[in-house]
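**Q** Please work out how this folds:
(chains A, B, C and D)
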There are 2 protein chains.
Amino acid sequence: MPIPLPMDPIAEAKRHWINHGWSEAANGMAAITSIMRAQQIFLARVDAALKQHGLTFARFELLRLLAFTRDGALPMASASARLQVHPTSVTNTVDRLERDALVRRQAHPTDGRATLVVITDQGRKITEDATQSLNHDVFTALEIPADALDSLIQTLTTFRLAAGDYVEGRR
Amino acid sequence: MPIPLPMDPIAEAKRHWINHGWSEAANGMAAITSIMRAQQIFLARVDAALKQHGLTFARFELLRLLAFTRDGALPMASASARLQVHPTSVTNTVDRLERDALVRRQAHPTDGRATLVVITDQGRKITEDATQSLNHDVFTALEIPADALDSLIQTLTTFRLAAGDYVEGRR
DNA sequence: TGAGGGTACTAGGAAGTCCAAGTAGTTACT
DNA sequence: AGTAACTACTTGGACTTCCTAGTACCCTCA
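**A** So this is what the prediction gives:
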């Protein structure tokens, strides 16, 4: 592995921000940059854990979503909405999962425009295995104390709501 | 804009996790998924603010780093280390910035292997303008209260240190 | 001095994200 | 019933990230 930096690059950037008279923006910059970096670290860990199953996080998320549904099927558009990614990203992900026979496309019974994505038996099996790996190797192995984890989740949940990512309601 | 989801998909996933007997991993899953989603939201905002300047976040970060240095120049490898991205990502970013005449490549004076990336006058100007936009439109416009922002930064800083992202020491 | 081991950068490729635009199919309204 | 507006999906393109492999150069040590 590469030798780590001898200082925190984000703290350094924050210092620069303050020295340039942008104090008001310094914490926002630091928070956003921290999240970007944390995401990079987590994505690397998640993808490393999923690699042995031939999955990536994007593929896992779709499989996991399908596996949770009543009959293992969902229209592409619903998957796009639930996963909060662009429809074309779902097309892309489904292409690859279909290539690996973990899902298959199926015509929607009543809406001629829509396509159902259906998880296959093999897809279900891999999803369960992958979930175990993630739970064991990543989700329960965080270097963040429980109380900090709770407040992190709380802060981001509130933020996402304020950002219009979802609305309180239904169900 | 798309109609937002009528419920929090992460809270939903957490519920599923608990119902499947994975309670111990539920908070880790929720935290990591929240960070992934927050990153997506922030990246979209940042890129939207930078679009008017013809930049992306990756390009901005490199320009900003160069503009902070004493003489506006840095070897590619140093930039890679500071930005914590793969060397080939820097090559890619520099290619595009060079195409737009915001930086130029220059031979390293003493090390024949190395290449210096040098910011141009135009690059400096755009960097300053872009910084103003980001500070105004994004960094000071977060829907997160100051105290929550502080603890978010604190938690992620501690995490990054624990994850070996950097080491305390050399200023 | 000269050979081997490292370091710096680039090329090519796989993936992911998004956007813009195009084709079908559906719905709603006159 | 027929047209207009909307929705669902795909294609193609831009961009970012990483990985693997290859070339060129430096540096240490026998």
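**Q** ok so residue A:104 is a strand residue?
**A** Yes - under DSSP: H, G, I helix; E, B strand; the rest coil, residue A:104 falls within a strand.
**Q** Identify the residues contacting it.
**A** Residue A:104 makes contacts with A:98, A:117, A:118, A:120, as judged by CB atoms under 8 Å, 6 or more residues apart in numbering or on different chains. Backbone N, C-alpha and C define where each C-beta goes, glycine included.
**Q** could those residues go into TSV alongside pLDDT?
**A** TSV is the format used below for the contacts of residue A:104 (pLDDT from 0 to 100):
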residue	pLDDT
A:98	98
A:117	98
A:118	98
A:120	98
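**Q** burial count for residue A:58?
**A** 19 (other CB atoms under 10 Å in any protein chain shown).
**Q** any idea which helix or strand carries it?
**A** Following DSSP states H and E, the helix or strand that holds residue A:58 is helix A:57-68.
**Q** repeat for residue A:118
**A** Taking DSSP H and E as the criterion, residue A:118 maps to strand A:115-119.
**Q** That strand and DNA strand D, are they touching?
**A** Yes - Strand A:115-119 is in contact with DNA strand D by CB under 7 Å from any atom of the strand, via A:115, A:116.
**Q** Please name every helix or strand in contact with that strand.
**A** helix A:57-68, strand A:73-75, helix A:76-83, strand A:103-107 (3 or more CB pairs under 8 Å, 6 or more residues apart in numbering or on different chains; DSSP states H and E).
**Q** What score does the residue nearest to residue A:63 when sequence neighbours are not counted have for pLDDT?
**A** In this structure, residue A:63 finds its nearest non-sequential neighbour in residue A:127, 4.4 Å apart by CB to CB, 6 or more residues apart in numbering or on different chains. Looking at residue A:127, its pLDDT is 98.
**Q** hang on, isn't residue A:127 packed against residue A:121?
**A** No - using CB atoms under 8 Å, residue A:127 makes no contact with residue A:121, being 10.6 Å away.
**Q** roughly how far apart are the residue lying closest to residue A:168 once chain neighbours are set aside and residue B:7?
**A** Excluding the flanking residues, the one nearest residue A:168 by CB to CB, 6+ apart is residue A:161, at 7.1 Å. Residue A:161 sits 11 Å away from residue B:7, taking CB to CB, to the nearest Å as the criterion.
**Q** just residue A:74 next, same as before
**A** To residue B:7, residue A:74 is 16 Å away according to CB to CB.
**Q** go on, residue A:91?
**A** Counting by CB to CB - residue A:91 and residue B:7 are separated by 25 Å.
**Q** Need the three-state assignment for the residue of chain A found nearest DNA strand C.
**A** Nearest to DNA strand C, among the residues of chain A, is residue A:112, at 2.6 Å (CB to the nearest atom of the strand). With three-state DSSP as the basis, residue A:112 sits in coil.
**Q** In which helix or strand does residue A:17 reside?
**A** Per DSSP H and E: residue A:17 is located in helix A:9-19.
**Q** Whether that helix contacts DNA strand D - can you check?
**A** No - with CB under 7 Å from any atom of the strand as the criterion, DNA strand D is not reached by helix A:9-19; the gap is at least 13.7 Å.
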